[in-house]
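Colleague: Here is the input, now give the coordinates:
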Amino acid sequence: LWLCTFLLFLPPPLPLVPLLMFFLWACVGRSATFQFLLGGVGGTVLLSKYTILRKGWGYLPRRGIDYFHQRAFLWAEVVGDTPMCLLGVHFSLDTEILEESLRRVMEGRGTVLLLGDTNAGREKMAPLERKWNLKWLETGPTWVRRNPMTKGFFSLPDHVSDVILVRGLEGEAWTSEVYISDHLPVFGEIT
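Modeller: Have a look, this model is predicted:
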């Protein structure tokens, strides 16, 4: 937004760049390619060594700071030792829409393995876990303020936003002290 505003004050043709971006967004903003180029759908990938029966993705509610940068989720139904639905999420920073996001992701699903960044922390996720019969696999902190990349950015009270949630499964999860991001990688073993 700041860059687009700055471009408006530069000599032609640079002021046309924000107008062109707006035009593209208005015409093809809901396409996967456009969203990926702007980072809206990117950031989450699902990989499975089991056979994937069906797969797809969907949008999460458009609101607040994510109105133009809409979040999405990925899903895949897999057949393995236990048939399940894998869900990859990157929930909005606007935690007021967390419940609607989780409803869109979970509705109509049986055995579930949900992975991703909730941007909410354990405190805000606890009531929704009970509502959707999800079990949070404890990892310890996953969002690390001591990382220099996170200075001055958002903070969660419990420093946990990256999760593995299960329904109909058991398992354990842990993090690794690798500082390539403001998030620690989360690993899990599911049975």
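Colleague: Please, where are all the helices along this structure?
Modeller: Under the criterion DSSP state H, helices of the chain are mapped to 2-7, 16-28, 32-37, 98-106, 121-131.
Colleague: how big is the angle separating the last one from helix 98-106?
Modeller: The reference is to helix 121-131. 50 degrees (axes from the mean of the first three to the mean of the last three C-alpha atoms, to 10 degrees).
Colleague: quick one, what contacts the nearest residue to M106 once chain neighbours are set aside?
Modeller: Spatial nearest neighbour of M106, excluding adjacent residues (C-beta to C-beta, 6 or more residues apart in numbering): W132 at 5.0 Å. C-beta coordinates here come from the backbone N, C-alpha and C atoms, glycine included. W132 is in contact with 102, 106, 167, counting by C-beta atoms under 8 Å, 6 or more residues apart in numbering.
Colleague: for N133, same thing?
Modeller: So N133 contacts R167 (C-beta under 8 Å, 6+ apart).
Colleague: Under the pLDDT cut-off, which ranges of this structure? List them.
Modeller: 1-5, 7, 25-26, 28-43, 65, 68, 145-158 (pLDDT under 70).
Colleague: Show me the strands in the protein, by range?
Modeller: 51-59, 72-79, 84-90, 112-117, 135-136, 162-167, 171-175, 186-190 (DSSP state E).
Colleague: I'd like to know which elements the longest one is packed against.
Modeller: Translated: strand 51-59. strand 72-79, helix 98-106 (3 or more C-beta pairs under 8 Å, 6 or more residues apart in numbering; DSSP states H and E).
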